[in-house]
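# A structural model of the following input is requested.
(one chain, ligands or ions: 3)
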Amino acid sequence: MANVIIVGTQWGDEGKGKIVDLLTEHADCVVRFQGGNNAGHTLVVEGKQYIFHLIPSGILYENKSCFIGNGVVIDPEVLLKEMSELAGHGLPVTPARLMISERSHLIMPYHKLLDAGSEAMLAAGRKIGTTGRGIGPCYGDKILRHGIKLGDLLDRELFRERLQENLEEKNFLLTNRYGLQPLTLDAVYDEYMGYADQLAPFVANVSLALDRQRRAGRHILFEGAQGTQLDIDHGTYPFVTSSNTIAGNACTGSGFGPAHIDAVIGILKAYTTRVGEGPFPTELFDATGEELQRKGGEFGATTGRKRRCGWLDGVVAREAVRLNGITDLAITKLDVLSGQPELQLATSYRHGEASLEAMPNNSKSHRDLVPVYEKLAGWSEEIRHARHLDDLPAKARAYVRRIEEFTETPACILSVGPGREETMLLRNPFKR
Ligand code: GDP
Ligand code: IMO
Ligand code: MG
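Numbers count the residues shown, from 1 in each chain. Ligands and ions are numbered 1, 2, ... in the order given. Okay, here's the model as predicted:
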């Protein structure tokens, strides 16, 4: 038996969806534990592309169970749309295949309006560039203890009461602060009661269900969203998302005990991308940055925004290993680096006179970080066909070896293309 957590090590979009899909073959259950439909996880199976925002990336395997934990925030409209798209592909999502925690919090229409409104009010330089999906306001209400849980939706009276209380405050904000029309109780109530009828069969105590799976000796895979530098506590605050994205939250966000975790896999893109605003020390503003963006197809899977691109940041990678307790790395998108005559790996930052080996806490100093680079040889060969380590050019192997050495963490997977088969599984993390 092995229970494995997958997390992003950078600013998201490292290729978590692809690796989760790949490893689902060796698991019995896949669990989302945080974030919401700000995530966009892409899978390419037999040439067909799927993008999941809420449903765990394990859903394409018919005999596996998927779970959405209490730490996730749920926009029911998006969830139902995702379910109906899957049904359209001949993959109906039944309650036997997907359980959703009764304790997960609901994204309400006012959360989306407040997300957009608050971004619009921020001065230039302070804007976060959120996905506009209502994520921050929903988690904010959860922490303020104003939130409405998925389970509350099943009790009509309770839901109406909670909605009414919330609308009193939110309508004040919407009209007085953001100059918008107020929302009406009946309209939101009716909309959400429609969702309640459809979602009721999926609502469950996920912690209990996962415990049963664990006791039966099943393998559980936890699918992180976003990335370590977007973590609300440990990321480049305030340019972060509103949840803990690191491995510790796999337990909190699903009601699973930490002693039962066997491995943590950090997904590391062979270079760096970031979508939205915020510090990015190794960002490239030149033709190389544009080439990575183009060759890597670096457009946001949720918002379609162009992703900013830059060299691999070893400081960020090391920080991810420490914060998540990463046991193995999965290095993705190595193929995108083919043709670069020379590669650069940031090994520390200069900040004024100081040399830094970790990301500073102060958001002001983030802006003035100058990466100190180590140069590595590039390779010219295309490598998407590589299926064994020996199929890679020596210089690509040396790049991987240097990452392993610098992060003091072995790679268990190398990915050379978006497809399931474009992968080298060096060691199976479920067989330790
Ligand atoms: P996630 O949010 O971490 O799941 O990542 P995204 O799906 O947002 O972005 C990763 C993108 O890279 C997707 O379009 C994937 O299909 C693609 N991808 C994943 N692994 C590889 C790889 O090794 N090589 C290439 N070229 N593309 C990849
Ligand atoms: P996956 O799971 C990349 C970024 C947004 C913004 C910041 C806050 O696909 O890796 P939010 O809407 O969460 O309040 O926005 O976080 N962001 C992501 N960037 N990948 C993601 O998810 C992201 N989810 C949020 O762009 O900068
Ligand atoms: Mg993504």
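# need the contact list for residue 379.
The neighbours of residue 379, taking Cβ atoms under 8 Å, 6 or more residues apart in numbering as the test, are 337, 338, 393, 395, 396, 399. Just so you know, the C-beta spots here come from the backbone N, C-alpha and C atoms, and that holds for glycine as well.
# how much space between the closest residue to the third one other than its chain neighbours and residue 312?
The shortest distance from residue 393 to any non-neighbouring residue, by Cβ to Cβ, 6 or more residues apart in numbering, is to residue 379 (4.3 Å). The gap separating residue 379 from residue 312 is 15 Å, by Cβ to Cβ, to the nearest Å.
# thinking again about what came up before, how much space between the residue nearest to residue 393 and ligand 1?
15 Å (Cβ to the nearest ligand atom, to the nearest Å).
# Please tabulate the contacts of residue 379 in JSON lines, including the columns neighbour count.
As requested, these are arranged in JSON lines below (neighbours: other Cβ atoms under 10 Å):
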{"residue": "337", "neighbour count": "22"}
{"residue": "338", "neighbour count": "17"}
{"residue": "393", "neighbour count": "17"}
{"residue": "395", "neighbour count": "15"}
{"residue": "396", "neighbour count": "25"}
{"residue": "399", "neighbour count": "23"}
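# Of these, which belong to helices?
Taking DSSP state H, the ones among the contacts of residue 379 that sit in helices are 395, 396, 399.
# now, which of those residues sits nearest residue 319?
Checking these against residue 319 with Cβ to Cβ, the nearest one is residue 399 at 19.9 Å.
# Surely that closest one is in contact with residue 342?
No. Look at residue 399 against residue 342 with Cβ atoms under 8 Å: they stay out of range, at 11.0 Å.
# ok, the residue of the stretch 301-432 of the chain found nearest ligand 3 - contacts?
Closest residue of the stretch 301-432 of the chain to ligand 3, Cβ to the ion: residue 301 (4.4 Å). Applying Cβ under 8 Å, 6+ apart, we find residue 301 in contact with 13, 40, 41, 42, 51.
# Of those, which ones also sit close to ligand 1?
Of the residues in those, proximity to ligand 1 by Cβ under 6 Å from any ligand atom holds for 13, 40, 41, 42.
# which one of those is nearest residue 323?
Distances from residue 323 to the ones next to ligand 1 among the contacts of residue 301, taken by Cβ to Cβ, are shortest for residue 13, at 18.3 Å.
# Do you know the pLDDT at that closest one?
For residue 13, the pLDDT comes out at 97.
# And the nearest residue to it once chain neighbours are set aside, its phi and psi?
Spatially, and ignoring its direct neighbours in sequence, residue 13 is nearest to residue 273 (5.8 Å; Cβ to Cβ, 6+ apart). The phi/psi pair for residue 273 (degrees, to the nearest 10) reads phi -130, psi 160.
# that older thread, quick check, nearest of the ones in helices among the contacts of residue 379 to ligand 2?
Of all the ones in helices among the contacts of residue 379, residue 399 has the smallest distance to ligand 2: 23.1 Å, by Cβ to the nearest ligand atom.
# re the thing from before, what do residue 399 and residue 342 both touch?
By the contact definition Cβ under 8 Å, 6+ apart, residue 399 and residue 342 are jointly contacted by 376, 377.
# Could you double-check that residue 420 sits in contact with residue 19?
No. If you go by Cβ under 8 Å, residue 420 and residue 19 don't touch, sitting 10.0 Å apart.
# higher neighbour count, these two?
Counting neighbours by other Cβ atoms under 10 Å for residue 420 and for residue 19 shows that residue 19 has the greater number, 24 against 16.
# Backbone dihedrals for that one, please?
Dihedral angles of residue 19 (phi, psi; degrees, to the nearest 10) stand at phi -70, psi -40.
# check contacts around the spatially closest residue to it that is not a sequence neighbour.
Once flanking residues are discounted, residue 19 sits nearest to residue 330: 4.8 Å by Cβ to Cβ, 6+ apart. Applying Cβ under 8 Å, 6+ apart, one finds that residue 330 lies in contact with 6, 15, 19, 265, 266, 267, 268, 411, 412, 413, 414, 415.
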